[in-house]
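J.: Predicted model follows, preceded by the sequence.
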Amino acid sequence: MGLDGQHGPLVIRAAALGLSLWAAPLAADAPCRLALQLGFDVSASVDAAEYQLQRAGIAAALLAPEIVTGFLHGPGHVALSIFEWSGRFQQELVLDWLRVTSRADLEAIAATVMAHPRSAQDGPTAIGYALGFAATRFDTAPDCLFQTVDISGDGANNDGFPPGAAFTHFDFDGVTVNGLAIGGAANDIARYFAEQLIRGPGAFTEYAASYADFAPALRRKLERELRVMILGGLALPTGQLPL
C-alpha cells in the first residue's frame, strides 16, 4: 500500500494522456536521470533474523525483472548509493555512487549487499541524522536530473534531531524523500513516516507489515520510483502516479 505525500504541479495521469511510461533502452552516452540513495535501518529494533530478511530483500529486489527494466530503460542512467543507519554517528556506506548501466552492475550490487557485514546492532534510531548524512552525500553524486532518498525503518526517531530539523538545516532543495515503513516494532509507523519523513516532489510512503513483507514492498517502491514519463521531450518523475 502507498501513502502519498503532497502532489506537485507536474502530477499528470499518464494513462489519461496516452503517454508511455517507459523509454527505449539506454544509449551508452545517456545522461543521468536519477541519483537514488537507499538507507536501511540497522538499529537495535532490528534483530539478526530481520536484518537477514532485509539484506536478502534488497538483493532480490534489485534483480527482480521489473526493477532491472526500471534501471536499464529510461531517458538516462540511474546512479545508486546504499547506506546503513542507526544512531547519530552510525551511518555507513554499503555502496558508493555507481551508475547502473547493465544487469551485471545490479548483480554486483546485490552481491555487495549480501557480503557487507552489519555496521551496527544496538544503536538508537536517528532518522534526522540519517537524512543529514544522505543530504551531504549528494555533494559527491553524479549530476542527475532528479535526486531521491529512500529511508527504510521500523521505528520513530528517538536520538538526536528529528527529520524536520534535518530538512531545515540541510540542503533538500528539489530532493524527494520517500519512506518504507516496516510494521511490528512501533505503533502506526506508516503514519509517522507519512507525516514526519516524506518530503518533496511526488514523495510517498510504502508499507511492509513486517520484515517478512520487506522484499515485495521494496520492489513496489523501487518500481514506482524508477518509472518515468516523457512529456514533450522532458522526463518527469512519476512516483506519485498510481500503480
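T.: Nice, I can see it.

J.: which ones are touching the most centrally placed residue in the chain?
T.: The residue lying closest to the centre of the chain (CA atoms, centre = their mean) is Asp150, at 2.7 Å. When contacts are counted by CB atoms under 8 Å, 6 or more residues apart in numbering, Asp150 touches Leu36, Gln37, Leu38, Gly39, Asn178, Gly179, Leu180, Lys221, Glu225. All C-beta spots, glycine's among them, are computed from the backbone N, C-alpha and C.

J.: Of those - the most surrounded one?
T.: Gly179 (30 neighbours; other CB atoms under 10 Å).

J.: what helix or strand is the residue nearest to the centre of the chain on?
T.: Using DSSP states H and E, Asp150 sits within strand 144-153.

J.: Please pull up the helix or strand immediately following that strand.
T.: Following strand 144-153 toward the C-terminus (DSSP H and E): helix 163-169.

J.: residues in contact with that following helix?
T.: The contact list for helix 163-169 (CB under 8 Å, 6+ apart) reads Ile127, Gly128, Tyr129, Leu131, Gly132, Ala135, Asn157, Phe161, Phe172, Gln196, Leu197, Arg199.

J.: One more pass at 10 Å, please.
T.: 126-135, 151, 156-157, 160-161, 172, 175, 177, 179, 192-193, 195-200 (CB atoms under 10 Å, 6 or more residues apart in numbering).

J.: so Gly179 makes contact with Tyr207?
T.: Yes: counting by CB atoms under 10 Å, Gly179 does reach Tyr207; the two are 9.0 Å apart.

J.: Quickly list what's touching both of these two.
T.: Residues touching both Gly179 and Tyr207 by CB under 10 Å, 6+ apart: Leu3, Ile189, Ala190, Phe193, Ala194, Lys221.

J.: contacting residues around the second one?
T.: Spelled out, it's Ile189. Counted by CB under 10 Å, 6+ apart, Ile189 has contacts Gly153, Asp154, Gly155, Ala156, Gly179, Ala181, Ile182, Gly183, Leu197, Thr205, Tyr207, Ala208.

J.: Could you export those as JSON lines, including pLDDT?
T.: Shown next, in JSON lines, are these (pLDDT from 0 to 100):
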{"residue": "Gly153", "pLDDT": "96"}
{"residue": "Asp154", "pLDDT": "95"}
{"residue": "Gly155", "pLDDT": "93"}
{"residue": "Ala156", "pLDDT": "95"}
{"residue": "Gly179", "pLDDT": "98"}
{"residue": "Ala181", "pLDDT": "97"}
{"residue": "Ile182", "pLDDT": "97"}
{"residue": "Gly183", "pLDDT": "94"}
{"residue": "Leu197", "pLDDT": "97"}
{"residue": "Thr205", "pLDDT": "96"}
{"residue": "Tyr207", "pLDDT": "96"}
{"residue": "Ala208", "pLDDT": "97"}
